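>>> Sequence first, predicted model second:
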Amino acid sequence: MRRYRVVAHTADTGIVARGATPAEAFENAAYGMFDLMFDLRRVGDGEECAVEAQGETADELLVAWLSALLAEAEIRGLVFSRFTVDQLGGGVVRGTAGGVPAAGLELRGPPVKAVTFHDLALERVPRGWRARVIFDV
(Lines give C-alpha, C1' and ligand atoms only; values in the text may rest on other atoms or scores of the structure.)
Protein backbone atom coordinates (compact mmCIF):
# COMPACT_ATOMS: atom_id res chain seq x y z
CA MET A 1 0.00 0.00 0.00
CA ARG A 2 1.37 3.42 -0.95
CA ARG A 3 1.65 5.86 1.93
CA TYR A 4 -0.06 8.69 0.07
CA ARG A 5 -0.93 10.16 -3.32
CA VAL A 6 -1.21 13.75 -4.43
CA VAL A 7 -4.68 14.98 -5.38
CA ALA A 8 -5.47 17.81 -7.76
CA HIS A 9 -6.81 21.01 -6.26
CA THR A 10 -7.43 24.35 -7.95
CA ALA A 11 -5.35 26.62 -5.72
CA ASP A 12 -3.61 24.49 -3.13
CA THR A 13 -2.11 21.01 -2.81
CA GLY A 14 -3.74 17.96 -1.32
CA ILE A 15 -2.98 14.36 -0.48
CA VAL A 16 -4.83 11.19 0.27
CA ALA A 17 -2.95 9.11 2.83
CA ARG A 18 -3.76 5.53 3.73
CA GLY A 19 -3.08 3.29 6.67
CA ALA A 20 -4.14 0.00 8.19
CA THR A 21 -5.16 1.95 11.33
CA PRO A 22 -6.14 5.56 11.98
CA ALA A 23 -2.71 6.09 13.62
CA GLU A 24 -0.93 4.82 10.53
CA ALA A 25 -3.06 7.10 8.33
CA PHE A 26 -1.98 10.04 10.55
CA GLU A 27 1.67 8.98 10.22
CA ASN A 28 1.40 8.66 6.45
CA ALA A 29 -0.41 12.00 6.13
CA ALA A 30 2.51 13.60 7.98
CA TYR A 31 4.98 11.85 5.70
CA GLY A 32 3.06 13.02 2.63
CA MET A 33 2.94 16.62 3.85
CA PHE A 34 6.71 16.82 4.34
CA ASP A 35 7.42 14.77 1.20
CA LEU A 36 5.53 17.37 -0.85
CA MET A 37 8.14 19.90 0.28
CA PHE A 38 11.29 17.74 0.41
CA ASP A 39 12.30 14.43 -1.15
CA LEU A 40 12.14 12.38 2.05
CA ARG A 41 13.87 9.41 0.43
CA ARG A 42 17.04 11.49 0.81
CA VAL A 43 16.37 12.75 4.35
CA GLY A 44 17.44 11.03 7.57
CA ASP A 45 15.78 11.13 10.95
CA GLY A 46 18.59 11.95 13.40
CA GLU A 47 16.83 14.41 15.73
CA GLU A 48 13.64 13.37 17.48
CA CYS A 49 10.99 15.44 19.19
CA ALA A 50 7.71 14.72 20.93
CA VAL A 51 4.56 16.13 19.37
CA GLU A 52 1.15 16.46 20.99
CA ALA A 53 -2.07 17.99 19.72
CA GLN A 54 -5.67 18.18 20.87
CA GLY A 55 -9.01 18.16 19.12
CA GLU A 56 -12.60 17.16 19.72
CA THR A 57 -13.09 15.01 16.63
CA ALA A 58 -10.82 12.73 14.61
CA ASP A 59 -10.79 15.32 11.80
CA GLU A 60 -9.75 18.05 14.24
CA LEU A 61 -7.04 15.78 15.64
CA LEU A 62 -5.65 15.19 12.15
CA VAL A 63 -5.44 18.91 11.40
CA ALA A 64 -4.00 19.63 14.86
CA TRP A 65 -1.37 16.85 14.48
CA LEU A 66 -0.21 18.06 11.08
CA SER A 67 -0.25 21.70 12.21
CA ALA A 68 1.79 20.86 15.32
CA LEU A 69 4.35 19.07 13.14
CA LEU A 70 4.63 22.10 10.85
CA ALA A 71 5.12 24.38 13.85
CA GLU A 72 7.75 22.13 15.47
CA ALA A 73 9.63 21.84 12.18
CA GLU A 74 9.65 25.62 11.77
CA ILE A 75 10.65 26.33 15.38
CA ARG A 76 13.42 23.72 15.37
CA GLY A 77 14.57 24.32 11.79
CA LEU A 78 14.05 20.64 10.93
CA VAL A 79 12.63 18.56 8.13
CA PHE A 80 10.79 15.58 9.58
CA SER A 81 10.91 12.25 7.76
CA ARG A 82 9.78 9.71 10.38
CA PHE A 83 6.52 9.83 12.29
CA THR A 84 5.10 7.65 15.05
CA VAL A 85 1.67 8.05 16.64
CA ASP A 86 1.69 6.50 20.11
CA GLN A 87 -1.73 7.65 21.31
CA LEU A 88 -4.78 8.63 19.30
CA GLY A 89 -8.14 9.20 20.91
CA GLY A 90 -9.79 10.83 23.86
CA GLY A 91 -9.22 14.24 22.33
CA VAL A 92 -5.45 13.89 22.01
CA VAL A 93 -2.84 12.65 19.59
CA ARG A 94 0.70 12.04 20.88
CA GLY A 95 3.71 10.84 19.02
CA THR A 96 7.22 11.57 17.83
CA ALA A 97 8.82 12.94 14.71
CA GLY A 98 12.38 12.45 13.58
CA GLY A 99 14.25 14.64 11.16
CA VAL A 100 17.34 16.57 10.17
CA PRO A 101 18.24 20.26 9.97
CA ALA A 102 16.54 21.96 7.03
CA ALA A 103 19.57 24.14 6.27
CA GLY A 104 21.05 23.08 2.96
CA LEU A 105 18.14 20.87 1.90
CA GLU A 106 16.55 21.74 -1.41
CA LEU A 107 12.79 22.26 -1.62
CA ARG A 108 10.99 19.88 -3.96
CA GLY A 109 7.78 21.90 -3.96
CA PRO A 110 6.28 25.00 -2.39
CA PRO A 111 6.35 25.16 1.40
CA VAL A 112 3.16 24.16 3.18
CA LYS A 113 1.90 27.23 5.03
CA ALA A 114 -1.10 25.66 6.75
CA VAL A 115 -3.31 22.60 7.02
CA THR A 116 -6.92 23.33 6.06
CA PHE A 117 -10.31 21.86 6.90
CA HIS A 118 -11.36 22.18 3.23
CA ASP A 119 -12.41 18.75 1.85
CA LEU A 120 -10.93 17.13 4.98
CA ALA A 121 -11.90 13.52 5.51
CA LEU A 122 -10.77 10.64 7.70
CA GLU A 123 -12.73 7.53 6.86
CA ARG A 124 -12.71 3.80 7.16
CA VAL A 125 -12.30 2.07 3.80
CA PRO A 126 -12.28 -1.63 2.88
CA ARG A 127 -8.52 -2.05 3.49
CA GLY A 128 -8.02 0.31 6.43
CA TRP A 129 -8.26 4.08 6.74
CA ARG A 130 -8.00 7.00 4.34
CA ALA A 131 -7.18 10.62 5.21
CA ARG A 132 -7.76 13.42 2.68
CA VAL A 133 -6.05 16.71 3.50
CA ILE A 134 -5.69 19.97 1.57
CA PHE A 135 -2.69 22.21 2.35
CA ASP A 136 -2.36 25.95 1.87
CA VAL A 137 0.87 26.49 -0.06
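Done, it's in. Numbering: from 1, shown residues only.
>>> Please make it C-alpha for all contacts and neighbour counts, starting now.
Will do.
>>> top helix in the chain by residue count?
helix 58-76 (DSSP state H).
>>> What helices and strands are in contact with that one?
helix 22-37, strand 47-54, strand 78-89, strand 92-101, strand 114-115, strand 121-125 (3 or more CA pairs under 8 Å, 6 or more residues apart in numbering; DSSP states H and E).
>>> ok and the second one relative to strand 92-101, angle-wise?
Orientation note: strand 47-54 sits at an angle of 150 degrees relative to strand 92-101 (axes from the mean of the first three to the mean of the last three CA atoms, to 10 degrees).
>>> Quick one: residues contacting the residue nearest the centre of the chain.
By CA atoms, centre = their mean, the chain has its centre lying nearest to A30, at 1.7 Å. Contacts for A30 (CA atoms under 8 Å, 6 or more residues apart in numbering) come out as 66, 69, 83.
>>> Is the first one in contact with K113, as I believe?
Right, L66. No - with contact defined as CA atoms under 8 Å, L66 does not count as touching K113 (11.2 Å).
>>> Those two: who's more crowded?
L66 (25 against 12; other CA atoms under 10 Å).
>>> How about that one: what's its closest non-neighbour residue?
Leaving aside its chain neighbours, L66 sits nearest to A30 (6.1 Å; criterion: CA to CA, 6 or more residues apart in numbering).
>>> And the one you found, how far from A53?
13 Å (CA to CA, to the nearest Å).
>>> Then A23?
A23 is 13 Å from A53, by CA to CA.
>>> One more: F38?
23 Å.
>>> Same check on D136?
Distance, D136 to A53, by CA to CA: 20 Å.
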